[in-house]
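*Asks:* Got a predicted structure plus its sequence, pasted below:
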Amino acid sequence: MKLTRFPIVQQHTRRSFMTKGLQAGLLYGIAPYVKAATPTKYRTALIGCGWWGMNILREAMAANRAKVVGLSDVYERPLLVSQDEVNQLTGDTPNIYKDYRELLKKEHPEIVIIATPDHWHALPCIDALKIGAHVYVEKPTSHTIDESRSMLHAAEAANRAVQVGLHRRIGPHHRSGMDFLRSGQVGKIGMVKMFVTGGGSGPESPSPHGKAPTGMDWDMWCGPAPLRPYCQKLTPGGWRNFLDYANGTLGDWGVHWLDQLLWWTEEKYPKNIYSTGGRPILGPAVFSNEKGSTTDAPDTQTVTYDFESFTAIWEHRKYGGSAQEKHRLGAYFYGTKGVFHMGWRDGWTFHPKDKSKQEIHEDPQFDNERDGHNITPLWKDFLDAADNGGSTVANMEVAHRSSVLPMLGMISYKLGRSIQWDGSSESFPQDSEAQALLRRNYRKPWSYPNV
Amino acid sequence: MFRGPDHNGISTETAWKKTWKESGPGKIWEAEVGIGFSSVSTADGRVFTLGNKGKKDTLFAFDAITGKQLWKHSYDSKLGAKFYEGGPGSTPTIDGDKVFILSRWGDLFCLNTKTGDIYWQRQLAEEEGLKLPDWGFNGSPLVAGNMLVLNAGGAGMAVNKNDGKTIWLSNEEEAGYSTPLPFMHDGNQYVALSSGNSFLAADLKTGKKSWEIQWPTRYGVNAADPIIAGNEVWIGSGYGKGQGLYTFEDSEAKVKWTNREMRSQQNSPVLIDDHLYGFDGDGGSRAPLKCIERSSGKVVWEADEFKYGSVAAAGGQLIIMTAQGELIIAPASPSGFQPSARSKVMDGKCWTVPVIANGLIYVRNSKGRLICLDVRS
């Protein structure tokens, strides 16, 4: 049975956002957003010119509201390739920069897209907001919780449009699925399980350390994070499974499904968090000059999040997938009237408790079939906010809360015990050990953001 | 060797069946050779290919007609499944009683074709301190005179084929993934190959770089072999990059045209009567089969139904293997795509170019199923 689409009801938090923005703006010394004449084309810059960064920039170019003025990457090759592609698509030849700070200074971009690894989100985002740019930054917002909070404060102070790349906030089947969940047809929901399963085998063998590729500024790549010796597992894309630079599967995939959870519930944060896991399949992480490096993110992890009115569970295992399994990733919402599954390429499906009732299903609709995403409407929503001063579906406040959840899971995982979170103050009362993991020391000369 | 004795993907065979019954061409034998993308090479009734299983690469020697395994040689080698299935990407090269193989991690072997005994072996990455490209070495060895030329070091390297000793060496940057292509210019011998950022030519005897075309490609994947005709060189790469035709003189190459009509991610097109036939696009996405006029770069026709594949040719016919395992025979003609035979002959992912030799077509998939099909007339 095909469900008729529900009309979409957007919940804007514009008012609270605006008020905070004004207050913070005054403190911060930046004028609150004043609607200027809307530019026909925004001076647009991209920081992080890899596969995903270019996916976003292509959306920006396709929307025909961008004049691409600058590209930044610590690696020369993607810079040149991306410059060439922008030229082919638009006729413009953006200037290229290995240091994003120089780009911000020289090009005065009005929109900045940030698609760097997680450890390189906070500083460029805050710097871009400081010069008054609208910012589209990739998910998760950051690598540690306090960086994300600084980004939130910077966003409130700057009062510019901010969109975080949580495209599942706007994908058609996610929106209709969310409306279905809220319609009461699943009954009262007491438990949500989010999961990603399947993948390769083990054990993982290390890759030797060596020189970074020609044209890659490795020191700048590591930036504020620890300077590890280069190994080929790190780039392109492999940094997600190195905890110095990202938060593994929980940080990458987890944030999408945890974001769906927070979209659904009216609660804003969990009280208790407990995570366990490890690398039973990939084996112990290796890091030595003789052997080189393996990744160090867990191949197996569960996190239990206690909310006031329900329990949420994250589970990933990067193996043990089954071709017979109907849903191999996504979020199950368990209710008194049945089980609702929010998926990706499998759309959403409601499995009623009652045998006599039919399953209800909706297929996904992607703007990009190959990569299965909906960046197109997410970019449009971002432009609307930049044009008109409204909020975005995945604004910094929303995305901060969603990004905190995987980071909380990782703090518990690292401590090997449960943690009690006070979401109103974003702290761990009487737990200095956990408190210390809200941030980390930056490598010099970089300073941890403190906005 | 890879792309055949003329280094162009075109076999000189003409006497073979261009059509078959609906059930497809007859399968003579099959074998499991392990994960990888290595094609086959064949000489003196033997067929060679590479695959990876259980953290080892294995070089297999089969009887070309019966498929009987004659010998095999294994060595420790990582699978290296970085965003794909992994396994070896180069094809063995045969020269008389010697067969040469280069692993993704720089293991270079010279073995006896009849017995599998090792003549000599080296570990190039460690011994010469070469930078490994992201997916390791994937170009096949080239025999030229007494030299074995390899796409390693960023601008190639050559060793003595009899003892493996280095003759010349570049060590500039990451290599590309093409197989060295020999050519003559003004009476001198050269090889053309790719780095991660360019296509270039090197003097065969000295390794001295002559012309170089800057060609930065996403992830440094310059994998398709260049195609040289006269003093013009065609180059192409995937990931949206495109193709170009350049005219070269001794140390300089000048652009004739570039466009994005042929984005050859791995396998090169074949060039027949000034027309290029190949797949435009990357594995896993829509990638049509195209006919391009080489001198102008213009699309002559396009068969839109495909999602990637590879092309060989023999006797004026294209031998096409789609990524989904369909084998197609069609005349190499600018007048259009008119297949005379097509059958699904393989399951899984087929990115490896088919090979025809003595009326037999060899195809494989990434998991290592190798089959021999009978098109003898």
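*Replies:* Received it, and whenever you're ready, just let me know what you need. Since we're looking at a predicted model, the values are computed, not measured.

*Asks:* what's the spatially closest residue to residue A:101 that is not a sequence neighbour sitting at in phi/psi?
*Replies:* Once flanking residues are discounted, residue A:101 sits nearest to residue A:127: 6.7 Å by C-beta to C-beta, 6 or more residues apart in numbering or on different chains. C-beta: built from backbone N, CA, C; applies to glycine. Per-residue torsions, residue A:127: phi -60, psi -40 (degrees, to the nearest 10).

*Asks:* I'd say residue A:127 and residue A:102 touch.
*Replies:* No - the pair residue A:127 / residue A:102 is not scored as a contact, 11.2 Å apart, by C-beta atoms under 8 Å.

*Asks:* more neighbours, the two?
*Replies:* Neighbours were counted for residue A:127 and for residue A:102 using other C-beta atoms under 10 Å in any protein chain shown; residue A:127 has more, 21 against 13.

*Asks:* thinking residue A:81 is in contact with residue B:220, fair?
*Replies:* No - look at residue A:81 against residue B:220 with C-beta under 8 Å: they stay out of range, at 9.6 Å.

*Asks:* what about those two, which has more around it?
*Replies:* Set residue A:81 next to residue B:220 and count neighbours by other C-beta under 10 Å: residue B:220 wins out with 28 against 25.

*Asks:* tell me, how many neighbours does residue A:249 end up with?
*Replies:* Residue A:249 - counted by other C-beta under 10 Å - has 23 other residues nearby.

*Asks:* how would you label the residue nearest to it when sequence neighbours are not counted: helix, strand or coil?
*Replies:* Among residues not flanking residue A:249 along the chain, residue A:316 sits closest, at 4.6 Å (C-beta to C-beta, 6+ apart). Put simply, residue A:316 is strand when judged by DSSP: H, G, I helix; E, B strand; the rest coil.

*Asks:* ok, now which ones touch residue A:316?
*Replies:* Neighbouring residues of residue A:316 by C-beta atoms under 8 Å, 6 or more residues apart in numbering or on different chains: A:195, A:196, A:197, A:249, A:250, A:253, A:254, A:300, A:301.

*Asks:* Just give me the neighbour total for residue B:2.
*Replies:* Look at residue B:2: counted by other C-beta under 10 Å, it has 22 neighbours.

*Asks:* Could you measure from it over to chain A?
*Replies:* From residue B:2 across to chain A, the span is 24 Å (C-beta to the nearest C-beta, to the nearest Å).

*Asks:* go on, residue B:112?
*Replies:* 31 Å.

*Asks:* from what I can see that residue touches residue B:98, true?
*Replies:* Yes - counting by C-beta under 8 Å, residue B:112 touches residue B:98, with 7.1 Å between them.

*Asks:* These two: who's more crowded?
*Replies:* Taking other C-beta under 10 Å, residue B:112 and residue B:98 do not tie; residue B:98 has more neighbours (18 against 15).

*Asks:* Skip the chain neighbours and tell me the closest residue to that one.
*Replies:* Distances taken as C-beta to C-beta, 6+ apart put residue B:110 closest to residue B:98, at 5.5 Å, once the chain neighbours are dropped.

*Asks:* Which residues are in contact with the one you found?
*Replies:* By C-beta under 8 Å, 6+ apart, the contact list for residue B:110 reads B:98, B:99, B:100, B:118, B:119, B:120, B:121, B:148, B:161, B:164.

*Asks:* Quick one: residues contacting the second one.
*Replies:* This means residue B:99. B:41, B:48, B:59, B:61, B:92, B:93, B:110, B:111, B:112, B:113.

*Asks:* Find residues that contact each of residue B:112 and residue B:98.
*Replies:* Listed as contacting both residue B:112 and residue B:98 by C-beta under 8 Å, 6+ apart are residue B:119.

*Asks:* What pLDDT is listed against residue 7?
*Replies:* By default, I'm working from chain A. Residue A:7 carries a pLDDT value of 38.

*Asks:* switch to chain B, that's the one I care about
*Replies:* pLDDT at residue B:7 comes out at 97.

*Asks:* ditto for residue A:371
*Replies:* Among the per-residue scores, residue A:371 shows a pLDDT of 88.

*Asks:* cool, residue A:16 as well?
*Replies:* The score at residue A:16 is 41. That number is its pLDDT.

*Asks:* For the residue of the stretch 101-250 of chain A found nearest chain B, give me its contacts.
*Replies:* Residue nearest to chain B within the stretch 101-250 of chain A (C-beta to the nearest C-beta): residue A:214, separated by 3.9 Å. Applying C-beta under 8 Å, 6+ apart to residue A:214 gives the contacts B:131, B:154, B:172, B:173, B:174, B:196, B:197.

*Asks:* And those residues, which of them are buried?
*Replies:* B:131, B:154, B:173, B:174, B:196, B:197 (16 or more other C-beta atoms under 10 Å in any protein chain shown).

*Asks:* Next, format the residues you listed as JSON lines and append pLDDT.
*Replies:* JSON lines is the format used below for those (pLDDT from 0 to 100):
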{"residue": "B:131", "pLDDT": "89"}
{"residue": "B:154", "pLDDT": "95"}
{"residue": "B:173", "pLDDT": "86"}
{"residue": "B:174", "pLDDT": "93"}
{"residue": "B:196", "pLDDT": "94"}
{"residue": "B:197", "pLDDT": "94"}
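
*Asks:* Pick the one among those closest to chain A.
*Replies:* Nearest to chain A among those: residue B:173, at 3.9 Å, using C-beta to the nearest C-beta.

*Asks:* Okay, the closest one and residue B:197: tell me how far apart.
*Replies:* Applying C-beta to C-beta, to the nearest Å, the value for residue B:173 to residue B:197 is 7 Å.

*Asks:* Can you read off the pLDDT for residue 324?
*Replies:* Picked chain A for this. With respect to pLDDT, residue A:324 has a value of 81.

*Asks:* Actually, chain B is the one I wanted.
*Replies:* Looking at residue B:324, the pLDDT reads 97.

*Asks:* Nearest residue to the middle of chain A?
*Replies:* By C-alpha atoms, centre = their mean, chain A has its centre lying nearest to residue A:139, at 1.4 Å.

*Asks:* quick revisit: show me the contacts of residue A:316 that map onto strands.
*Replies:* Residues of these located in strands (DSSP state E): A:195, A:196, A:197, A:300, A:301.

*Asks:* can I get those residues in JSON lines with neighbour count?
*Replies:* Compiled in JSON lines, the ones in strands among the contacts of residue A:316 are given as follows (neighbours: other C-beta atoms under 10 Å in any protein chain shown):
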{"residue": "A:195", "neighbour count": "19"}
{"residue": "A:196", "neighbour count": "23"}
{"residue": "A:197", "neighbour count": "16"}
{"residue": "A:300", "neighbour count": "18"}
{"residue": "A:301", "neighbour count": "25"}
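
*Asks:* Reformat those residues as TSV; add distance to chain B.
*Replies:* Formatted as TSV, these follow (distance: C-beta to the nearest C-beta, whole Å):
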residue	distance to chain B
A:195	23
A:196	17
A:197	18
A:300	19
A:301	22
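
*Asks:* residue in the stretch 1-150 of chain A nearest to chain B?
*Replies:* Closest to chain B within the stretch 1-150 of chain A is residue A:80: 4.3 Å, counting by C-beta to the nearest C-beta.

*Asks:* Which of the helices or strands spans that residue?
*Replies:* helix A:76-90 (DSSP states H and E).

*Asks:* follow-up on the earlier one: tell me how far the residue of the stretch 101-250 of chain A closest to chain B lies from residue A:117.
*Replies:* For residue A:214, the distance to residue A:117 - C-beta to C-beta - is 20 Å.

*Asks:* Also residue A:159?
*Replies:* Look at residue A:159 and residue A:117: by C-beta to C-beta, they are 27 Å apart.
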